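Student: Next one to model:
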Amino acid sequence: MAKDKPSTPPDKGKKKPEGEAAQAKPAAPKAPKAPKPPAPTPRLLKRYRADIIPALRQKFGYKNTLQVPRLRKIVVNMGVGEASRDIKELDAAEAELALITGQKPRTTRAKISVSAFKIRQGMPVGCFVTLRGSRMYEFLDRLINVAIPRIRDFRGLPPRSFDGRGNHSMGIREHTIFMELDPNKVPHIRGMNITTVTTARTDEEAKELLAQFGMPFRTG
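Tutor: Reported below is the predicted structural model:
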C-alpha cells in the first residue's frame, strides 16, 4: 500500500495579494541632524586681524598682508624624571597638562640611555602638547592675562629668549599658576617649558608680534 505524501502548507508557494503588499508601511526616513553651530572666534585672533596686522604693516612696511608674521603653533612640554621609577607620576602629569591646555598630551621617551640617571632608551621621561588653531589662541590668552601675572616676583620676560629664527621659549617653575589646577589636589609642583613658534624671519619681528598680543617683556 503506497504511503500518503505529506501535504504542502497552503501558503507555501503562493504570492501575497497585492493588497497585503501595499499595506506594508515603508520605514520612516531619519530626521536630518541639526548642523553644529560654528565655534566662536578666539578673542586674540579677532585682535590679530583687526589691530595687529595693520600695526605691523605700518611699522615694518609690509606690502602684502601675507607677509605679516603670525603664530604657527605653541608647544607645551613638561618633564617628569620620576616617571622612570613610578609610572603614576607620568599619569598625574598628563592629566594636569590636559587640564591646562584642553588637549590630550603625548608621552616623551628617552632617545638614549643614561646610566647616571638610571634611564634606558625608550623610557617615558615627560609629556608634551602641540597647540594649533583656536586652542592655541585661547591658551595664549590665558597665559598672558591670567597665568603670568600670578608668577611670584614677576618683573617681565627676558627679551633675549628668542632662538634667532623668530621663535620664543619661556620656562615656568610652578605649573600651579594656571587657574585650571587646584593646588590642594596637585601632589607635586612641576616645571614646564612653553615654546611659541611664529612665521617671523627675525627676532625683532617676532618680539613685536608677541608684544602686540600683550606678552609682558622686560624693558630697560
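Student: tell me the SS of residue 121?
Tutor: In three-state terms, and counting by DSSP: H, G, I helix; E, B strand; the rest coil, residue 121 is coil.
Student: For it, give its distance to residue 106.
Tutor: Residue 121 sits 18 Å away from residue 106, going by C-beta to C-beta, to the nearest Å. (Each C-beta comes from the backbone N, C-alpha and C, glycine too.)
Student: Tell me which of those two has more neighbours.
Tutor: The neighbour count for residue 121 versus residue 106, taken as other C-beta atoms under 10 Å, is higher for residue 106 (13 against 10).
Student: Quick check: the gap between that one and residue 187.
Tutor: To residue 187, residue 106 is 22 Å away according to C-beta to C-beta.
Student: Can you pull out the low-pLDDT segments for the chain?
Tutor: Scanning the chain for pLDDT under 70 picks out the ranges 1-28, 83-86, 117-118, 220.
Student: try 90
Tutor: Residues of the chain that meet the criterion pLDDT under 90 lie in 1-41, 79-93, 107-126, 152-156, 158-160, 164, 182-190, 218-220.
Student: For the chain, which segments count as strands?
Tutor: Using DSSP state E, the strands of the chain run over residues 71-79, 106-109, 124-131, 167-172, 192-198.
Student: Give me the longest helix you can find in the chain.
Tutor: Longest helix in the chain, counting residues (DSSP state H): helix 87-101.
Student: which strands and helices sit next to it?
Tutor: Helix 87-101 sits against strand 71-79, strand 124-131, with contacts defined as 3 or more C-beta pairs under 8 Å, 6 or more residues apart in numbering; DSSP states H and E.
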